[in-house]
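Student: Next input, structure requested:
(chains A and B)
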Amino acid sequence: NAGVTQTPKFRVLKTGQSMTLLCAQDMNHEYMYWYRQDPGMGLRLIHYSVGEGTTAKGEVPDGYNVSRLKKQNFLLGLESAAPSQTSVYFCASSLFTDTQYFGPGTRLTVL
Amino acid sequence: AQKITQTQPGMFVQEKEAVTLDCTYDTSDQSYGLFWYKQPSSGEMIFLIYQGSYDEQNATEGRYSLNFQKARKSANLVISASQLGDSAMYFCAMREAGLKNYGGSQGNLIFGKGTKLSVKP
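Tutor: Residues are numbered from 1 along each chain as shown, chains lettered A, B, ... in the order given. Here you go, the predicted structure:
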């Protein structure tokens, strides 16, 4: 039982490049989330999903897109990376509206 | 408006002593949940403890307890018998039951900015 995993763990992008972050969970959770964490800040919600095939915007959705084609996977995409998107990205999942369990994080740097 | 406030950017505690990390929250909902997460220097977010707004007793999990004072809207984390491994960032978070979070659904967490706890040997 791996819990929540994230791929990749680290990534460096140039401004304007695109990339996709993959989150996978093996707990059969319905809800999945993407957060970003910046220095001196708590986590801020980017997008979330309440089930396979559904997505919704969180607090800071601009510049990101998501997809949940399979229940166990939640993808976060950056179409045209900007330096302001340099951050640590966390994925989380929960059965429903209960405790969220987090992945190990992805450290992204945009030059 | 900030809904979770952690007023202590940093705290020091002597090993084996107890420490209280403060958290106050703001909500108009009657039904909500409060969470504490630990983030060690390795970066992962570890769930510690949960308190529901209707729970009559304070939550406890091993050395962690949550001092829930509903009227004061506070949900302080108490760590007893501190250990060196407790040195980490600690985040308080709230989940509201209403449907107004970003126009979305229930379940979304709102985090405070965290408290950095350092345990001294």
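Student: in the helix or strand residue A:107 falls within, what's buried?
Tutor: Using DSSP states H and E, residue A:107 maps to strand A:106-110. Within strand A:106-110, the residues scored as buried using 16 or more other C-beta atoms under 10 Å in any protein chain shown are A:106, A:108, A:110. (Each C-beta comes from the backbone N, C-alpha and C, glycine too.)
Student: Show me the strands in the chain, by range?
Tutor: Let's take chain A. Using DSSP state E, the strands of chain A run over A:4-7, A:10-13, A:19-25, A:31-37, A:43-49, A:56-57, A:65-67, A:73-78, A:87-94, A:101-102, A:106-110.
Student: I was thinking of chain B, sorry if that wasn't clear
Tutor: Counting by DSSP E, one finds strands in chain B at the ranges B:4-5, B:10-14, B:19-21, B:24-25, B:32-39, B:46-52, B:60-61, B:64-69, B:74-79, B:88-96, B:109-111, B:115-120.
Student: Show me the beta-bridge partners of the residue most central in space within chain A.
Tutor: Residue closest to the mean C-alpha point of chain A, counted by C-alpha atoms, centre = their mean, is residue A:34 at 3.2 Å. Taking DSSP bridges, one finds residue A:47, residue A:91 as the beta-bridge partners of residue A:34.
Student: still on that earlier bit, what angle separates the strand holding residue A:107 from strand A:73-78?
Tutor: Angle, strand A:106-110 to strand A:73-78, by axes from the mean of the first three to the mean of the last three C-alpha atoms, to 10 degrees: 20 degrees.
Student: Listing request: residues of chain A with sub-threshold pLDDT.
Tutor: Residues of chain A meeting the criterion pLDDT under 70: A:1.
Student: Pull up the residues of it that are close to chain B.
Tutor: Within chain A, the positions lying close to chain B (C-beta under 8 Å from any C-beta of the partner chain) are A:31, A:33, A:40-45, A:48, A:50, A:56-59, A:88, A:90, A:92, A:94, A:96-105, A:107.
Student: List only buried entries from these.
Tutor: Buried by 16+ other C-beta under 10 Å: A:31, A:33, A:42-43, A:45, A:48, A:50, A:56-59, A:90, A:92, A:94, A:97, A:99-103, A:105, out of the residues of chain A next to chain B.
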